[in-house]
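A.B. asks: Test case, fold it:
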Amino acid sequence: MIEVRTLGPVELIVDGGEPQRELLWRKNLALLLYLSRSKGGRRSREHLVGMLWGDRPDATARHSLNEALRVLRRACEDGALESIGDQVVLDVESVRLDLDEFERRVDAHEWDAAAAMVRGSWMEGFAVSGCNEFEDWLAAERSHWNRIAAKALLHQGAVRLSRGDEIAATELARRVLALDPFSDGAIRLLMESAAIRGERASALGMYEEFSARLGEELGIEPETETAALAERVQRERSFRAPEQLPREEAWSRRPPLVGRERELETAIGIIRSGASERQPAVIVLHGESGSGKTRLADEVVTRARLEGAAIARIRSVPSDAEAEWSALLGLAKGGLLEAEGAAVADPRGVAALLERTGWQDPALRDYARGAAPMALPGAFTEVARAVAELRPLVLWIDEADYLDASSLRALPGLVRDLAGTPVTLLMSMRGYPAKPAIDELHGRIGHDIAGVSIPLAPLDMSRVHELVEAMMPDLDPTEVERLARRILSDSAGLPLFAVDLLNGVRLGLEIEERQSWPEPFKTMDQAYPGDLPDTVTAAIRIGFRRLSEPAQEILAAAAALESPVAPGALHRVTGFEDDELSDALDELEWHRWLSADVRGYSFVARIVRDVIARDMLTPGQRIRIREAAGG
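C.D. replies: Residues are numbered from 1 along each chain as shown. Reported below is the predicted structural model:
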């Protein structure tokens, strides 16, 4: 049996071992490949002579063909290669081409397995000089198989991206570009991966370079879908990575999403399904503090926005619970009134939201002037419907445990009244103590309301092991196993603490095996913040000290104030002017300490705020910060 691997540099295996040297001579190998790819393995001698020895006298050419066939017969099974009259016939069952299995995997949409077979360009580096007809055939085959290989790699890249693995998606996109430098699909995959990582400028730079290359070499422009993605990336909010840290440290609090791949894929699938079927849906992400609810929701929203969805977001805080309609009005200010569809909504609904939020948009105010404001929540429903008529809409309520009673009671009706529109209500929450209105909405998911409830359990040992490998790739397997066991013990499998502990280890923190945390019969939240393992608070403290001094000062101020904290309050407390304040806030967002919405900045993780407020500020400092902010 001869095995031929062609999806990359050619490889031959004969009866499980190395082939004879003669079989690797270029024209012998070309003849074997050509017959294998011919219908029924059959070609005339005259055709083969013209294909591979057309530059030689007829007698010499026929002799060369006979010698090549002799070499092939020695490698093939008995009777696998025969001459029948003027025909050369190869039993194609005696030659196993990787192309057959590759094509089967592609047809079955087994993208992971198909992509794994691609080692490079088809028959990479192989050529037979002086054989123009064969070279033309080789070029056509290479173009055909490279196109299919690129398709497999792109599909697998999209799968990896949907599961939160931007690093793998980026690598797959680059492999596609090596096969086809003008692949719009590969550039889109690269741009999406970069944008999701927060590298907006890099994503736009990729588009500009690609567009210039297409224009200069082919005289064409990028596909409409690629240009539309560039426009969406352009609208993404941008913050700069801190320049004073090496790149590996700048990424230390932005590791790949590990252990939530299936949940991410499920949530994205719900949004896409709602968009295609034009029906509302509800997604509830719930779990302990530190389980990664906000991180996962942010990943979901970023992908939805890059696919063209409009986003409205609010991060609820404890004080919102007592403010009537705070959630709906916060969503209105947090993106709904900025979406293009708001300008064609019922003017009465627009007038109501402008009046209740104080939103200053001259064009919208002119549009709604003279209209009698509608009552809430009807006004919100009308504007949301108009926005969703133009593009899918995602309404994200982070920390939904603090929803006010009015908004809470309105949510089931809101979903019902938006029937026929692609609106997704995304809520991230702890889920306790229980609230009847949320429980009612929760209970209807999967029955009369489309959607999904996604619990975020702590990471198990295999996932922590994977996280250690991703963040500390230089460790050997034994060290990875030992460190993963210690991280799991001290973090209780919560991604927030696991990442902070690994960052601490990278910077010199030593951790020892200890009794599992938290104590038996205690929830995670009951263990916050006083009963946290010392290693966790030490890791948070180390990460805090790695920030620039302005960022440390601003983070300490934010910990002492009620969330969300407006930039103006931080300016009054710290005295930093616009540029210095903006740079420090960008640094804190980049490292995922703070998250911003229209109302100001909040800690991504409540427990981190509590640790900083408790351990890094004196009571007097907290008083002085609050007094300065009040000024």
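A.B. asks: only C-alpha atoms for contact and neighbour calcs from this point on.
C.D. replies: Noted.
A.B. asks: With only the CA atoms kept, save stretch 288-308 in PDB.
C.D. replies: The C-alpha trace of stretch 288-308 is given here as PDB (Å, rounded to 0.1, in the frame of the first residue of the first chain):
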ATOM      1  CA  GLU A 288     -21.400  32.800  42.300                       C
ATOM      2  CA  SER A 289     -19.400  36.100  42.600                       C
ATOM      3  CA  GLY A 290     -16.200  35.600  40.700                       C
ATOM      4  CA  SER A 291     -17.600  32.900  38.400                       C
ATOM      5  CA  GLY A 292     -17.100  35.100  35.300                       C
ATOM      6  CA  LYS A 293     -20.600  36.200  34.500                       C
ATOM      7  CA  THR A 294     -19.600  39.700  33.400                       C
ATOM      8  CA  ARG A 295     -16.600  38.400  31.500                       C
ATOM      9  CA  LEU A 296     -18.800  35.900  29.600                       C
ATOM     10  CA  ALA A 297     -21.600  38.500  29.000                       C
ATOM     11  CA  ASP A 298     -19.000  41.000  27.700                       C
ATOM     12  CA  GLU A 299     -17.700  38.300  25.200                       C
ATOM     13  CA  VAL A 300     -21.200  37.600  24.100                       C
ATOM     14  CA  VAL A 301     -22.100  41.300  23.600                       C
ATOM     15  CA  THR A 302     -18.800  42.000  21.800                       C
ATOM     16  CA  ARG A 303     -19.400  39.300  19.300                       C
ATOM     17  CA  ALA A 304     -23.000  40.300  18.700                       C
ATOM     18  CA  ARG A 305     -21.900  43.900  18.100                       C
ATOM     19  CA  LEU A 306     -19.300  42.800  15.600                       C
ATOM     20  CA  GLU A 307     -22.000  40.800  13.800                       C
ATOM     21  CA  GLY A 308     -24.100  43.900  13.500                       C
END
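A.B. asks: Where do the strands of the stretch 51-200 of the chain begin and end?
C.D. replies: In the stretch 51-200 of the chain, the strands defined using DSSP state E, counting those that start in this stretch lie at 81-84, 87-90, 95-97.
A.B. asks: can you give me the strands in the stretch 401-550 of the chain?
C.D. replies: Taking DSSP E, counting those that start in this stretch, the strands of the stretch 401-550 of the chain run over residues 423-429, 450-455.
A.B. asks: In CSV, list these along with distance to residue 101 and mean pLDDT.
C.D. replies: Formatted as CSV, the strands of the stretch 401-550 of the chain follow (distance: least, CA to CA, whole Å; pLDDT from 0 to 100):
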stretch, distance to residue 101, mean pLDDT
strand 423-429, 41, 95
strand 450-455, 37, 92
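A.B. asks: got a markdown table for those, with distance to residue 461 and mean neighbour count too?
C.D. replies: As requested, the strands of the stretch 401-550 of the chain are exported to a markdown table (distance: least, CA to CA, whole Å; neighbours: other CA atoms under 10 Å):
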| stretch | distance to residue 461 | mean neighbour count |
| --- | --- | --- |
| strand 423-429 | 25 | 24 |
| strand 450-455 | 18 | 19 |
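A.B. asks: who wins for proximity to residue 613 among these?
C.D. replies: strand 423-429 (22.6 Å; CA to CA).
A.B. asks: which residues sit against that closest one?
C.D. replies: With CA atoms under 8 Å, 6 or more residues apart in numbering as the test, strand 423-429 has contacts from 271, 274-275, 278-287, 293-294, 297, 384, 388, 392-401, 415.
A.B. asks: Let's see which of these end up in helices.
C.D. replies: 271, 274, 275, 293, 294, 297, 384, 388, 415 (DSSP state H).
A.B. asks: circling back to that earlier point, any of the contacts of strand 423-429 buried? List them.
C.D. replies: The neighbour-count criterion (16 or more other CA atoms under 10 Å) marks 271, 274-275, 278-287, 293-294, 297, 384, 388, 392-401, 415 among the contacts of strand 423-429 as buried.
A.B. asks: quick one: least confident helix or strand in this structure?
C.D. replies: Lowest by mean pLDDT, DSSP states H and E among the helices and strands of the chain is helix 247-250, with a mean of 47.
A.B. asks: what's the closest non-adjacent residue to residue 35?
C.D. replies: Nearest residue to residue 35 in three dimensions, chain neighbours excluded: residue 41, at 5.0 Å (CA to CA, 6 or more residues apart in numbering).
A.B. asks: what's the pLDDT at the one you found?
C.D. replies: Among the per-residue scores, residue 41 shows a pLDDT of 90.
A.B. asks: same deal with residue 244?
C.D. replies: Residue 244 is assigned 52 on the pLDDT scale.
A.B. asks: before we move on, what about residue 543?
C.D. replies: pLDDT for residue 543: 88.
A.B. asks: Quick check: it vs residue 475, distance?
C.D. replies: From residue 543 across to residue 475, the span is 21 Å (CA to CA, to the nearest Å).
A.B. asks: which of these two has more neighbours?
C.D. replies: Higher neighbour count among residue 543 and residue 475: residue 543, with 19 against 13, using other CA atoms under 10 Å.
A.B. asks: quick one: contacts for the more buried one?
C.D. replies: Residues in contact with residue 543 (CA under 8 Å, 6+ apart) are 500, 503, 504.
A.B. asks: before we move on, what about residue 223?
C.D. replies: Residue 223 sits next to residue 184 when contact means CA under 8 Å, 6+ apart.
A.B. asks: run the last query once more with 10 Å
C.D. replies: Shown in contact with residue 223 (CA atoms under 10 Å, 6 or more residues apart in numbering): 183, 184, 185, 211.
A.B. asks: From residue 188, how far out is it?
C.D. replies: Using CA to CA, we find residue 223 at a distance of 10 Å from residue 188.
A.B. asks: One more: residue 361?
C.D. replies: In this structure, residue 361 and residue 188 are 33 Å apart, going by CA to CA.
A.B. asks: Looking at those two now, which is surrounded by more residues?
C.D. replies: Neighbour totals were compared for residue 361 and residue 188, and residue 188 leads with 21 against 12 (other CA under 10 Å).
A.B. asks: Ignoring the adjacent residues along the chain, who's closest to the more buried one?
C.D. replies: Distance criterion CA to CA, 6+ apart; nearest residue to residue 188, sequence neighbours excluded, is residue 226 at 6.1 Å.
A.B. asks: repeat for residue 548
C.D. replies: Residue nearest to residue 548 in three dimensions, not counting chain neighbours: residue 584, with 7.6 Å by CA to CA, 6+ apart.
A.B. asks: Let me know the helix or strand that the one you found is in.
C.D. replies: Residue 584 belongs to helix 578-590 when assigned by DSSP states H and E.
A.B. asks: And the helix or strand that comes right after that helix, how far out from the chain middle?
C.D. replies: Following helix 578-590 in sequence order, the next helix or strand is strand 594-597 (DSSP H and E). A distance of 20 Å separates the centroid of the chain from that of strand 594-597, by CA atoms, centre = their mean, to the nearest Å.
A.B. asks: and what of stretch 210-219?
C.D. replies: 28 Å.
A.B. asks: In it, which residues are buried?
C.D. replies: Buried, per 16+ other CA under 10 Å, within stretch 210-219: 210, 211, 213, 214.
A.B. asks: closest to residue 338 among these?
C.D. replies: Taking CA to CA as the measure, residue 338 sits nearest to residue 211 out of the buried residues of stretch 210-219, at 29.4 Å.
A.B. asks: hmm, who's touching the helix or strand harbouring that closest one?
C.D. replies: Secondary structure from DSSP H and E places residue 211 in helix 200-217. Residues from elsewhere that reach helix 200-217, judged by CA under 10 Å, 6+ apart: 181-184, 187-197, 199, 218-223, 226-227, 229-231, 233-240.
A.B. asks: I'd like to know which of the contacts of residue 543 is nearest to residue 468.
C.D. replies: Proximity to residue 468 was ranked across the contacts of residue 543 by CA to CA; first place goes to residue 503, at 10.2 Å.
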